[in-house]
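> quick one, what's the 3D model for this:
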Amino acid sequence: MVRQQLPPQIKKVELEKKVRGKPMVRYQLTVDVGADPVTGKRKQFRKRYATEAEARDKLSAILNDVSRGVHVHAQETTVAQVLDDWLASKHALKPSTANGYRVTFGPVFEQLGTVPVQKLTRRDLDTLIAQLRAGALPTAKGNARNPWTARTVNYLLTILAAALDDQVKQGTLVRNVAKLVDKLPSEQNEMNTWEPEEVERFLEHTRDDQYAHAWFLALCGLRRGEISGLRWRDIDLDAQTLTVATSRVSFGQTISEGGPKSRRSARTLPMPDDLVGSLKAARKRQAADRLLLGGAWADTGYVVVDREGNPPTPNTLTYWWGRSVKLAGVRPIRLHDARHTCGTLMHLRHVPIAVIAAWLGHASAAFTMSIYVHSQDPALLAAASSSPVVTIRDKNGKEAPGS
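Numbers count the residues shown, from 1 in each chain. Alright, predicted model coming up:
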């Protein structure tokens, strides 16, 4: 059998080390792989193999990848560098969203940040997820980190996959390992919502509070950020309309103000008479405070302000909500659950789900139905008292034979 001549990219090398008196042989592969997509410089792949067959197989694979434009150049870029660059490239993100991404990426930065991204494996991510689920990882400051929910883990995998996809598109990764990790089954947590009697009791008890109108707005379905960012110029008391045009949110020690959460979140709503009355009462309270303080009053234009005219931070609103709920003696729910209460009560009053979605500022009625609308015990009792769907009686009302 005639021995095939070695291709020009493969060179037989005899090493100084000997085996059974003969020099050890290696097959050195040196092949041009084109320009580096990052630096633009020409690159070569060079490696020695124990056998000629291994060198030929690798040469064939590389030439095939280069011809298809899918060859990945070896780099030492770390996971942390990739995530930093990806976050820096997201110019359209709101500051609060960008900060949320960075916080979610926290465990990845801490545990895998120094790993070269080309060496990141599915096992690395599976191990990290197991630790997060068990609550076994401390924060960067050394504090105990609570176990992560399935929803938070899945969110991490989603944005990590987006960041790694960017590297695949740039030609620095062969595959996106985050997409190889199985998402966790969703854990549907039932939200707490108030029944109509609890809503009335709470609003009656807080009627004269400084933030009474804020609670009314929350129970009319506005988000915390929408309440915090609402200005008097957005309200037409004569026409009884309210326009959601601004959202004011907090992250860390920073307060950020910008447009609503999404395009559908920017909306104009007709106001019920009771809400109009609550807002008029708030204007009277603020006028009295302005008169009392004179030049010390801060004329900020916000609808929800403290005694000095300054808007409370969103976190402050959450604190006062909890305090007001406790003083009113009603069943405790979160401030955001007031929004769920609004959607649920509208649904129980037979408002079409598409209208509820538009009212709450959702793009999808299906999302509204699955997340924001919940059954309540009185409604379930009413359903049980109605005509039964399943019965042991025949169509004439007689008990079926053998029952």
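> C-alpha only now, for contacts and for neighbours.
Fine.
> pLDDT averaged over stretch 152-169 - what is it?
When pLDDT is averaged over stretch 152-169, the result is 93.
> next, count neighbours for Glu16.
10 (other C-alpha atoms under 10 Å).
> so what's it up against?
With contact set as C-alpha atoms under 8 Å, 6 or more residues apart in numbering, Glu16 has these partners: Pro23, Met24.
> A strand includes it, no?
Yes - assignment of Glu16 by DSSP: H, G, I helix; E, B strand; the rest coil places it within a strand.
> who's in contact with the host helix or strand of Arg151?
Using DSSP states H and E, Arg151 maps to helix 150-170. Contact with helix 150-170 is made by 37, 82-83, 86, 101, 104-105, 129, 132-133, 173-179, 181, 183-187, as judged by C-alpha under 8 Å, 6+ apart.
> how far is that helix from where the chain is centred?
On the basis of C-alpha atoms, centre = their mean, to the nearest Å, helix 150-170 sits 12 Å off its chain's mean C-alpha point.
> flag every buried residue along it.
For helix 150-170, burial by neighbour count (16 or more other C-alpha atoms under 10 Å) applies to 150, 153-154, 156-157, 159-168.
> can I get that helix in CSV? Just the C-alpha atoms.
Written as CSV, here are the backbone C-alpha positions of helix 150-170 (Å, rounded to 0.1, in the frame of the first residue of the first chain):
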residue,chain,number,x,y,z
ALA,A,150,-37.8,28.6,39.5
ARG,A,151,-39.0,31.8,37.9
THR,A,152,-35.8,33.7,38.8
VAL,A,153,-33.6,30.8,37.7
ASN,A,154,-35.4,30.7,34.3
TYR,A,155,-35.0,34.5,34.0
LEU,A,156,-31.3,34.2,34.5
LEU,A,157,-31.0,31.5,31.9
THR,A,158,-33.0,33.6,29.4
ILE,A,159,-30.8,36.7,29.7
LEU,A,160,-27.6,34.6,29.9
ALA,A,161,-28.6,32.9,26.7
ALA,A,162,-29.2,36.3,25.1
ALA,A,163,-25.7,37.4,26.1
LEU,A,164,-24.0,34.2,24.8
ASP,A,165,-26.0,34.4,21.6
ASP,A,166,-24.3,37.6,20.9
GLN,A,167,-20.9,35.8,21.0
VAL,A,168,-22.2,33.0,18.7
LYS,A,169,-23.2,35.7,16.2
GLN,A,170,-19.8,37.3,16.5
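> any buried residues in whichever helix or strand comes after it, and which?
For helix 150-170, the following helix or strand on the C-terminal side (DSSP H and E) is helix 196-205. Burial within helix 196-205, assessed by neighbour count using 16+ other C-alpha under 10 Å, is assigned to Val199, Phe202, Leu203, His205.
> what average pLDDT does helix 196-205 get?
Helix 196-205 shows a mean pLDDT of 95.
> max-length strand in the chain?
Determined from DSSP state E, the single longest strand within the chain is strand 22-35.
> would you mind putting the CA coordinates of it into PDB?
As requested, the backbone C-alpha atoms of strand 22-35 are provided in PDB (Å, rounded to 0.1, in the frame of the first residue of the first chain):
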ATOM      1  CA  LYS A  22      13.700   5.600  18.700                       C
ATOM      2  CA  PRO A  23      12.700   9.300  18.700                       C
ATOM      3  CA  MET A  24       9.100  10.000  19.700                       C
ATOM      4  CA  VAL A  25       7.100  11.200  16.700                       C
ATOM      5  CA  ARG A  26       4.400  13.800  16.700                       C
ATOM      6  CA  TYR A  27       2.400  15.300  13.800                       C
ATOM      7  CA  GLN A  28       2.300  19.100  14.000                       C
ATOM      8  CA  LEU A  29      -0.700  20.800  12.400                       C
ATOM      9  CA  THR A  30      -0.400  24.400  11.300                       C
ATOM     10  CA  VAL A  31      -3.300  25.800   9.400                       C
ATOM     11  CA  ASP A  32      -4.500  29.300   8.500                       C
ATOM     12  CA  VAL A  33      -8.000  30.000   9.900                       C
ATOM     13  CA  GLY A  34      -8.600  33.500   8.600                       C
ATOM     14  CA  ALA A  35      -9.000  36.800  10.400                       C
END
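> average pLDDT across it?
pLDDT averaged over strand 22-35 gives 82.
> show residues contacting that strand.
9-18, 41-52, 55, 59, 62-63, 66, 71, 73.
> in that strand, which residues are buried?
Buried residues in strand 22-35, counted by 16+ other C-alpha under 10 Å: Val25, Arg26, Tyr27, Gln28, Leu29, Thr30, Val31, Val33, Gly34.
> enumerate the positions of the next helix or strand after that strand that are buried.
Proceeding N to C from strand 22-35, the next assigned helix or strand is strand 42-49, under DSSP H and E. Of all the residues in strand 42-49, those buried under the rule 16+ other C-alpha under 10 Å are Gln44, Arg48, Tyr49.
> wait, what's in contact with the first one?
Gln44 makes contact with Thr30, Val31, Asp32, Val33, Gly34, according to C-alpha under 8 Å, 6+ apart.
> need those in CSV (columns: distance to Gly277).
Listed next are those as CSV, based on distance: C-alpha to C-alpha, whole Å:
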residue, distance to Gly277
Thr30, 81
Val31, 79
Asp32, 77
Val33, 73
Gly34, 72
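> which residue is nearest the centroid of this protein?
For the chain, Tyr155 is the residue whose C-alpha lies nearest the centre (C-alpha atoms, centre = their mean; 5.7 Å).
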